[in-house]
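1. Compute the structure for the input listed below.
(one chain, ligands or ions: 2)
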Amino acid sequence: MDAAVKIASVVGARPQFIKAAPVSREIREHNEEILVHTGQHYDENMSEVFFQVLEIPTPDYNLGVGSGSHAVQTAEMMKGLEEVFAKERPDFVLVYGDTNSTIAGALTAAKSGLPLGHVEAGLRSYNRTMPEEINRVVTDHLSTVVFAPTETAVENLAREGITRGVHMVGDVMYDVALQMAQPARARGVLKRHGLTAGDYLLATVHRPSNADDRENLASIVEALTDCGRTVVFPVHPRTRKNLEAFGLWDALSAKVKVLPPVDYLDFLGLLMDAAKVVTDSGGVQKEAYFFGVPCVTLRDETEWIETVEDGWNALVGTDTEDILHAIEHFNPSGTKSKSFGDGHAAERIAAVIDQLG
Ligand code: UD1
Ligand code: UDP
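-> Ligands and ions are numbered 1, 2, ... in the order given. Got it, this is the predicted structure:
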């Protein structure tokens, strides 16, 4: 039998808790995991609730880094991670997605001479003004093993010369969505908020290009308040802060059902029964596709191109009229032919890691 591998997994932001949930469960079957939370997200509804509803083990370390500029936040994470890696001497470091926690984990592993694995590798928006794009590219190039969610991701990696250590495993977010669909339905979130299935839109906004830009945010708010539909909008803290700072909060909350960020089960429950989703999130575009909910994306490009090619995702940007037109007229009905795996991506990742022992 192979020796157990000691893995240090680095997470820090909401979507990473969700991605790590199934992987952590699988890798602990045969190996030891040290879970490190950088503290990038720290509000209870951005962090703790995900550990509860997804039954993720309590982190062994919380670096408590919090918010800051890119340089400050990433550097603080690297300082903390270097100490943890020196103390724990893991055999392997695992990072997820494309946040500052991802790049901090990747750079620190590489500088500490530790092999690195990247879950959700090979995603590209080909927009280098997105902080996440920088994080993805650098992390993929530092990795020893990359776990790609789709064939497109494998092709993107090959185009950059990354062909060794590439494993097409499927999408871990599809694993979680399948596992949690039933518990999410059983939550009764629609009743709690007085909603009728198929009769409301679900909105999320948090990309800096939208949330930090007054004009773009105002344009999105106008579409959501003028569309004449019931809109539910769990508001990310970055966006809440700016809606208030730009004087947009009162107009929004007068017409739209604004909520604090909700936990994963409530979010899936809201998403599955929405008439449409209006979002700039990466993960939410995919979840809409998984559950056959038309997605109106408030961006000009996407990493999840399959959802657009298959006709279920409309890239509309931030123009009020374009958003309103898509809310009214975007009604896809074709089959969903694109593969995000079979719901067993985490098992494949664990099997690859088992071989490292
Ligand atoms: C981060 C990721 C982004 C990801 C998103 C998921 C980077 C560069 N960005 O963006 O890729 O899509 O997480 O949600 O890593 N804040 C709070 N409480 C919290 C967390 C944040 O109030 O618990 C506020 C702070 O004002 C902070 C701002 O939100 O300055 C932004 O947080 P930050 O983690 O820097 O970036 P996100 O926009 O959350
Ligand atoms: N999500 C959630 N509660 C919310 C908003 C989103 O649980 O109030 C989940 C959603 O289901 C998805 C993930 O958070 O799985 C997406 O995270 P986010 O949009 O913050 O980041 P991105 O995917 O854009 O990096």
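2. Leaving out sequence neighbours, find the closest residue to the residue of the stretch 151-300 of the chain found nearest ligand 1.
-> Here the stretch 151-300 of the chain gets closest to ligand 1 at one residue, Pro237, 3.2 Å apart by C-beta to the nearest ligand atom. C-beta here means a position set from N, CA and C on the backbone, and glycine is covered the same way. Ranked by C-beta to C-beta, 6 or more residues apart in numbering and with sequence neighbours excluded, the top spatial neighbour of Pro237 is Asp43, at 6.2 Å.
3. what's the spacing between Asp319 and Val296?
-> Distance of Asp319 to Val296, computed by C-beta to C-beta, to the nearest Å: 12 Å.
4. who has more neighbours, these two?
-> Neighbours were counted for Asp319 and for Val296 using other C-beta atoms under 10 Å; Val296 has more, 24 against 14.
5. Check the secondary structure at the more buried one for me.
-> strand (DSSP: H, G, I helix; E, B strand; the rest coil).
6. residues of the helix or strand containing Val72 that come out buried?
-> Counting by DSSP states H and E, the element that carries Val72 is helix 70-88. For helix 70-88, burial by neighbour count (16 or more other C-beta atoms under 10 Å) applies to Gln73, Thr74, Ala75, Glu76, Met77, Met78, Gly80, Leu81, Glu82, Val84, Phe85.
7. that's a helix at Leu201, yeah?
-> No. Counting by three-state DSSP, Leu201 is not part of a helix but strand.
8. ok, now which ones touch it?
-> The neighbours of Leu201, taking C-beta atoms under 8 Å, 6 or more residues apart in numbering as the test, are Leu224, Cys227, Arg229, Thr230, Val231, Val232, Ala274, Ala275, Lys276, Val277, Val278, Ile327.
9. Please list only the buried members of those.
-> Neighbour counting by 16+ other C-beta under 10 Å classes Leu224, Cys227, Thr230, Val231, Val232, Ala274, Ala275, Lys276, Val277, Val278, Ile327 among the contacts of Leu201 as buried.
10. Doesn't His167 lie inside a strand?
-> Yes. Membership of His167 in a strand is supported by three-state DSSP.
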